[in-house]
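S.K.: mind looking at a prediction? Sequence and model below.
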Amino acid sequence: MLLYIHRRKDQKDLLRRKNKNEKLKKKFTKEWRQLMEGFMEDYPKTSVDCGEASVREDFSGYAELGRIISF
């Protein structure tokens with residue numbers, strides 16, 4: 001029974017962390033888009049295509065991900 005309680009608690013903790021990570025991802029993505037919209041107005045030839053490695057590297061640094069995102 002005690003093992004079941006610990007597993008249940010671990011599952012709840014994992015779900016809580018996953019939800020927190022999703023909220024942070026949405027927050028950083030929204031901020032990044034707003035920042036890039038302003039940046040593109042000042043520098044029209046700037047690329048914000050997430051298919052480009054340099055853009056993914058910039059976003060990863062901005063969001064302090066610890067690693068560069070990839071697809």
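M.R.: That came through fine.

S.K.: the residue minimising distance to the centre of the chain is in what secondary structure piece?
M.R.: The chain has residue 25 as the residue nearest its centroid, 3.4 Å off, counting by Cα atoms, centre = their mean. Using DSSP states H and E, residue 25 maps to helix 2-42.

S.K.: any buried residues in stretch 19-37, and which?
M.R.: 32, 36 (16 or more other Cβ atoms under 10 Å). C-beta here means a position set from N, CA and C on the backbone, and glycine is covered the same way.

S.K.: please state the offset of it from the chain centre?
M.R.: Per Cα atoms, centre = their mean, to the nearest Å, the displacement of stretch 19-37 from the mean C-alpha position of its chain is 6 Å.

S.K.: same deal with stretch 59-71?
M.R.: Stretch 59-71 sits 7 Å away from the centroid of its parent chain (Cα atoms, centre = their mean).

S.K.: try stretch 36-43
M.R.: With Cα atoms, centre = their mean, you get 21 Å for stretch 36-43.

S.K.: one more: stretch 39-47?
M.R.: With Cα atoms, centre = their mean, you get 22 Å for stretch 39-47.

S.K.: endpoints of it, how far apart?
M.R.: 10 Å (Cα to Cα, to the nearest Å).

S.K.: contacts for it next, please.
M.R.: With Cβ atoms under 8 Å, 6 or more residues apart in numbering as the test, stretch 39-47 has contacts from 36, 48, 54, 55.

S.K.: which residue sits closest to the third one, ignoring its sequence neighbours?
M.R.: To tie it back to what came earlier, the one meant is residue 54. residue 47 (8.0 Å; Cβ to Cβ, 6 or more residues apart in numbering).

S.K.: in what helix or strand does that neighbour lie?
M.R.: Applying DSSP H and E, one finds residue 47 in no helix or strand.

S.K.: from residue 63, how far off is it?
M.R.: Distance of residue 47 to residue 63, given as Cβ to Cβ, to the nearest Å: 18 Å.

S.K.: between those two, who's got more neighbours?
M.R.: The neighbour count for residue 47 versus residue 63, taken as other Cβ atoms under 10 Å, is higher for residue 63 (16 against 12).

S.K.: surely the more buried one is in contact with residue 32?
M.R.: Yes. Between residue 63 and residue 32 there is a contact under Cβ atoms under 8 Å: 7.3 Å.
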